[in-house]
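# A predicted structure for the sequence below; I have some questions about it.
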Amino acid sequence: MSVSLTIHGVKTRKLRVMPDERGWLMEILRADDAELFSKFGQVYVSATYPGVVKAWHFHKRQIDHFACVAGMVKLVLIDTRDESPTKGAVNEFFLGTHNPMLVQVPNLVYHGWKCISVEPSLVLNVPTEPYKYDDPDEYRLEPHGSLPYDWTRKDG
């Protein structure tokens with residue numbers, strides 16, 4: 001039996017969908033949230049087609065806050081930090097319309113996601129730093145074969 005250990009510094013929050021006859025509303029991140037909010041950098045949304053993997057990268061300064069607002073993704077984090085008490089841990093989170101959740105990814109932790117829904121997914125990120133086109137805080141690896149993780153679906 002494997003034990004799932006949450007990577008040091010990773011925080012999550014279940015998000016509440018407030019529906020009514022007009023539609024629904026879901027708060028993602030608030031400036032008065034002392035546990036999760038530290039700084040605003042920018043907000044963006046990333047669309048991912050079914051079956052596509054967008055991985056791997058980490059940031060040296062930036063902290064990410066991911067929520068999936070359409071479709072479903074498997075968000076995977078891998079801790080390769082030498083001084084981390086959870087070095088080597090792998091976390092999988094299933095985010096989206098069937099599991100509204102916010103995941104805070106600390107800097108220096110590799111992360112990426114795969115769209116696992118039949119429709120495109122929309123992942124919203126509220127990072128702590130604005131993207132610098134001339135000096136991006138982004139360190140990339142290939143999505144397959146570069147880290148010890150297999151993106152294929154586990155049937156059974």
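The structure has been received and is ready for your questions.
# roughly how far apart are Glu138 and Thr6?
24 Å (Cβ to Cβ, to the nearest Å). Heads up, the C-betas are built off the backbone N, CA and C, glycines and all.
# contact partners for the residue positioned nearest the centre of the chain?
Note on the chain: the residue nearest the mean C-alpha position is Phe66, at 4.4 Å, using Cα atoms, centre = their mean. By Cβ atoms under 8 Å, 6 or more residues apart in numbering, the contact set of Phe66 is 75, 95, 102-103, 105, 113, 123-125.
# so it bridges to which residues?
Listed beta-bridge partners, Phe66: Val103, Asn125 (assigned using DSSP bridges).
# one more: Tyr139?
Phe58.
# mind putting the contacts of Phe66 in a markdown table, neighbour count included?
Listed next are the contacts of Phe66 as a markdown table, based on neighbours: other Cβ atoms under 10 Å:
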| residue | neighbour count |
| --- | --- |
| Leu75 | 23 |
| Leu95 | 25 |
| Leu102 | 23 |
| Val103 | 21 |
| Val105 | 25 |
| Trp113 | 27 |
| Val123 | 23 |
| Leu124 | 17 |
| Asn125 | 17 |
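# list just the nearest of these to Leu29.
Leu102 (6.4 Å; Cβ to Cβ).
# before we move on, what SS does Asp137 have?
coil (DSSP: H, G, I helix; E, B strand; the rest coil).
# touching, it and Ile63? I think so.
No - using Cβ atoms under 8 Å, Asp137 makes no contact with Ile63, being 10.7 Å away.
# okay, these two: which has more neighbours?
Between Asp137 and Ile63, counting by other Cβ atoms under 10 Å, Ile63 is the more crowded of the two (20 against 17).
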